[in-house]
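Next comes the sequence, and after it the predicted model I'd like to discuss.
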Amino acid sequence: MSLIAVLSFVAAACGGGNVFDLAVGTCFNDGDLSEVEITDVPVVDCAEPHDNEVYYLFDMADGLFPGVDQVSATAFEGCVAAFDSYVGLDYASSELVATFLAPSSGSWEEDDREVVCFLYQIDLDKLTGTMRDSGI
């Protein structure tokens, strides 16, 4: 199945227990991802049904905030490039969709440069188990 879709969210700085604590392999449910700025997500054990799985983290280059469009383009490009090494299948052939949490202009001012790449099932069904090396 070949589909490229992007659903991007902006990470906003705040205290502990938030999106800045996510690590590769962390699974979480959507919670309230309808917000423009996401600070917290409900983390769950990957063995349980879940909506999303973090598969890659990277930092954007320092400098002035490049704007939302450039942040989104850079984040999506970086996430797609890392997809196949985590899942074990190239992105265009996968049943999974890549998306990301990226810095907002406000969090950028507080030195946030981290992009959190995560994946979910294309039909929005729950995932069960890790998607690492799943070939899905």
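Everything's here; your move.

Which residue ranges of this structure form strands?
Ranges of strands in the chain, per DSSP state E, are 8-11, 27-28, 37-38, 43-44, 52-59, 96-103, 114-121.

lowest-confidence stretch among the ones you listed?
With a mean of 41, strand 8-11 has the lowest mean pLDDT of the strands of the chain.

Can you give me the buried ones in the helix ranked longest in the chain?
Longest helix of the chain, by residue count under DSSP state H: helix 68-87. Under the neighbour-count criterion of 16 or more other CB atoms under 10 Å, helix 68-87 has 71-72, 74-76, 78-80, 82-83, 86-87 buried. For glycine as for every other residue, the C-beta is placed from the backbone atoms N, C-alpha and C.

Can you give me the buried ones in stretch 87-97?
Quick answer for stretch 87-97 (16+ other CB under 10 Å): 87, 89, 91, 94-97.

Pull that stretch out as CSV, backbone CA atoms only.
C-alpha atoms of stretch 87-97 as CSV (Å, rounded to 0.1, in the frame of the first residue of the first chain):
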residue,chain,number,x,y,z
VAL,A,87,9.9,-0.7,11.0
GLY,A,88,11.9,-2.9,8.5
LEU,A,89,9.9,-1.8,5.5
ASP,A,90,10.2,1.3,3.3
TYR,A,91,7.6,4.0,4.1
ALA,A,92,5.8,3.9,0.8
SER,A,93,5.0,0.2,1.2
SER,A,94,4.0,0.3,4.8
GLU,A,95,0.5,0.1,6.4
LEU,A,96,1.8,2.6,9.0
VAL,A,97,1.8,6.4,8.8
